[in-house]
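[1] A structural model of the following input is requested.
(chains A, B, C and D)
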There are 2 protein chains.
Amino acid sequence: MTFTQNKIASILRHSGYKITPQRRAVLNIISQSHDHLTPAAIYEKVHQQHPRIGLVTVYRTLDILAELGLICEVHSGGSCRSYLMRRPAEHHHHLICSDCGAVIDFTDCDLSNLEQRLAREAHFEIKGHLLEFTGLCRDCRKRMKQKKAAR
Amino acid sequence: MTFTQNKIASILRHSGYKITPQRRAVLNIISQSHDHLTPAAIYEKVHQQHPRIGLVTVYRTLDILAELGLICEVHSGGSCRSYLMRRPAEHHHHLICSDCGAVIDFTDCDLSNLEQRLAREAHFEIKGHLLEFTGLCRDCRKRMKQKKAAR
DNA sequence: TAGTTAATTGAAAATAATTTTCATTTAGCA
DNA sequence: TGCTAAATGAAAATTATTTTCAATTAACTA
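    Predicted coordinates for the structure are as follows:
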C-alpha cells in the first residue's frame, strides 16, 4: 500500500509545489509498477498516456518526489539510477534480484546497534543509510534449477 | 592496508588479464587516495602522470577491477559512480560524509541474521549487499557547530 | 468567477557521461 | 626473438542529464 493520492497532494502543496497533471502522471506510473523504473522508462510509460509530456519534466518531477521522500532511488540493479514508490512504513529497504530486477521491500533492518557503534567509533553523526541486498528471487532460482536440470 | 601490488598482479593474471602500465597507473591512483574517486577524477590524476593514457582505458580498467573485486563502487556520495580501493578484509562497507565526501570503512556489519530472515521470508538466495551510511564526519560536525556559534 | 503571478512546462540546445569502433601497439607465452 | 590475442588511444557515437527561455497554468486573491 502506498500513500494515498490525497496524502501525496497535501505533501506536495505543503512544500510549495503545485499539483500538475504531469506530476500526477509520473506518480501514477511509479505507484502502479512494482518494479524500479529508470527515468527513461518512466518517461516512456508516461508519454504513452500523455504524449505532450517531456522527458525534462519527468526528471524534474523525480527530483522533487525523491527530495520529499515520496519515491526512492535504487542503485544496485545494473542501471545507476532508478525509482520506486516509497511505502509508507517509515524505514525500509530493498531486495533486488540481479537476474530479473524484481524488487522486494523489507522493513525492519534494525541497524541501530551498528549505527550507534559507528557513530561512537568514527565520531560520525549518522543521518541515513542505504541498504540493498542483491541475489536471486524465487522465480529466477527456480528457472536456474530447471536450466541446470535440462543440461 | 590494501592488497600488495604482487597480489593484485597475480589476481589479474589468473583471470586472463594482462598487466599493463595503464592498469598499474589506475590502481596506484586509487590506492593512494583515501577518498572515493569518480572515473573522471581518476582519469585526471592518471593523465597528469601519464599524458598518453585515455579516458576510455580508465573506464575499461575500472570495469575490470570492480568485476574482480579489487576496487569497489560507491553510490551515495552525490555523484552516481565512484571508486575506492578494496581493503583486504573480506567484507566491508562505507560511512560517507554527505558534506565533504570523506569515506570511512567499517568491517563487521553482521547482517547475517537479517540475511537469513530475508532469504527465508522472501525465498531469495542472497548473494551480496550494499550498505552505506551517510552522515556528518567528525570534522564537518565541528565546522557546523562553529558556524552556528558564530551566528 | 475572473485576474494575477509565481511556478511549471516543453522544446531545443548544451553539457556530461559512457560506450563503440577500429587501426595500431604491446604483454607474455612458445 | 617471434607470434598472437589482448589492450590501447583517438574519434565518433550513444546515452544521460541539465540549462535556458518563452509560453502556459495552478492556485491564490479580490
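[2] drop to CA atoms for contacts and neighbour counts, all remaining ones
    Fine.
[3] The longest strand seen in chain A and chain B in contact?
    Secondary structure of chain A per DSSP state E: the longest strand is strand A:125-136. Yes: using C-alpha under 8 Å from any C-alpha of the partner chain, strand A:125-136 reaches chain B at A:125-136.
[4] and these as CSV, adding pLDDT?
    CSV is the format used below for those (pLDDT from 0 to 100):
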residue, pLDDT
A:Glu125, 88
A:Ile126, 88
A:Lys127, 83
A:Gly128, 82
A:His129, 84
A:Leu130, 83
A:Leu131, 86
A:Glu132, 85
A:Phe133, 87
A:Thr134, 84
A:Gly135, 85
A:Leu136, 86
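[5] low-confidence ranges in chain A?
    A:1-3, A:76-79, A:87-91, A:108, A:147-151 (pLDDT under 70).
[6] hey, where'd the strands end up in it?
    A:71-74, A:82-85, A:93-97, A:103-106, A:125-136.
[7] domains of chain A?
    Following automatic domain parsing, chain A resolves into domains at A:1-87, A:89-151.
[8] possible to save those domains as TSV with distance to B:Asn6?
    Converted to TSV, those look like this (distance: least, C-alpha to C-alpha, whole Å):
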stretch	distance to B:Asn6
domain A:1-87	31
domain A:89-151	31
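[9] returning to that earlier point: now list the buried members of the residues of strand A:125-136 next to chain B.
    Neighbour counting by 16 or more other C-alpha atoms under 10 Å in any protein chain shown classes A:125-126, A:129-136 among the residues of strand A:125-136 next to chain B as buried.
[10] Take the strands of chain A and lay them out in TSV including distance to B:Ala119.
    Output for those, formatted as TSV (distance: least, C-alpha to C-alpha, whole Å):
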stretch	distance to B:Ala119
strand A:71-74	20
strand A:82-85	21
strand A:93-97	10
strand A:103-106	11
strand A:125-136	9
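[11] so which of these comes closest to B:Gly54?
    Ranking the strands of chain A by their distance to B:Gly54 (criterion: C-alpha to C-alpha) puts strand A:82-85 first, at 29.6 Å.
[12] Thanks a lot, see you next time.
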